[in-house]
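J.: Sequence isn't available, so here's the structure alone:
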């Protein structure tokens, strides 16, 4: 039986780990190098853009590094998707998982996308969101520990 191509939905924690060195960077970079379809949403793009801009304002990154981070965010392995979660899925998942609003949005969006991409994996390094993704079988163990 042939393996299916991974479809990976990146939340902002995963994108930030791919852009900046942290405890999860090695794993994020392995994911980025994985052949498959990589999605980022407008929400993830906005969250990461806000972090980069804050780092610039607070003089935590030189202008060159800010530009490099935006370049990778814009042209990295990701395909930008214009999607949003189904309203009923948001409500159902909000009752099931104690998540912050943006994390609930990412989980519900991934769940909504799964209708078209049954093999979808939600890539996150946020502990609560990862637990919820695993509970919804959106955190694919087969690919989780690259």
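T.: Here it is on my side, so go on. It should be emphasised that the depicted structure is a prediction, and the values quoted were computed from it without experimental measurement.
J.: Low-confidence ranges, this structure, go.
T.: 1-3, 140-146 (pLDDT under 70).
J.: Go again with 80.
T.: Counting by pLDDT under 80, the low-confidence segments of the chain come to 1-4, 139-146.
J.: in it, which spans are helices?
T.: Secondary structure of the chain (DSSP state H): helices located at 12-19, 25-33, 42-57, 63-75, 87-96, 101-113, 127-135, 141-144.
J.: burial count for residue 37?
T.: 16 (other C-beta atoms under 10 Å). The C-beta positions use only the backbone N, C-alpha and C, and glycine is treated the same way.
J.: okay but it is in contact with residue 6, surely?
T.: Yes: the criterion here is C-beta atoms under 8 Å, and residue 37 meets it with residue 6 at 7.3 Å.
J.: Could you report the distance from the residue nearest to residue 138 when sequence neighbours are not counted to residue 130?
T.: With sequence-adjacent residues excluded and distances taken as C-beta to C-beta, 6 or more residues apart in numbering, residue 138 is closest to residue 122, at 4.3 Å. When distance is defined by C-beta to C-beta, to the nearest Å, residue 122 is 8 Å away from residue 130.
J.: same check, this time on residue 113
T.: The spacing between residue 113 and residue 130, counted by C-beta to C-beta, is 17 Å.
J.: Mind putting the helices of the chain into JSON lines with distance to residue 81 and mean neighbour count?
T.: JSON lines is the format used below for the helices of the chain (distance: least, C-beta to C-beta, whole Å; neighbours: other C-beta atoms under 10 Å):
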{"stretch": "helix 12-19", "distance to residue 81": "13", "mean neighbour count": "24"}
{"stretch": "helix 25-33", "distance to residue 81": "17", "mean neighbour count": "16"}
{"stretch": "helix 42-57", "distance to residue 81": "8", "mean neighbour count": "16"}
{"stretch": "helix 63-75", "distance to residue 81": "15", "mean neighbour count": "14"}
{"stretch": "helix 87-96", "distance to residue 81": "16", "mean neighbour count": "14"}
{"stretch": "helix 101-113", "distance to residue 81": "8", "mean neighbour count": "22"}
{"stretch": "helix 127-135", "distance to residue 81": "17", "mean neighbour count": "18"}
{"stretch": "helix 141-144", "distance to residue 81": "19", "mean neighbour count": "12"}
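J.: Nice, that's everything, thank you.
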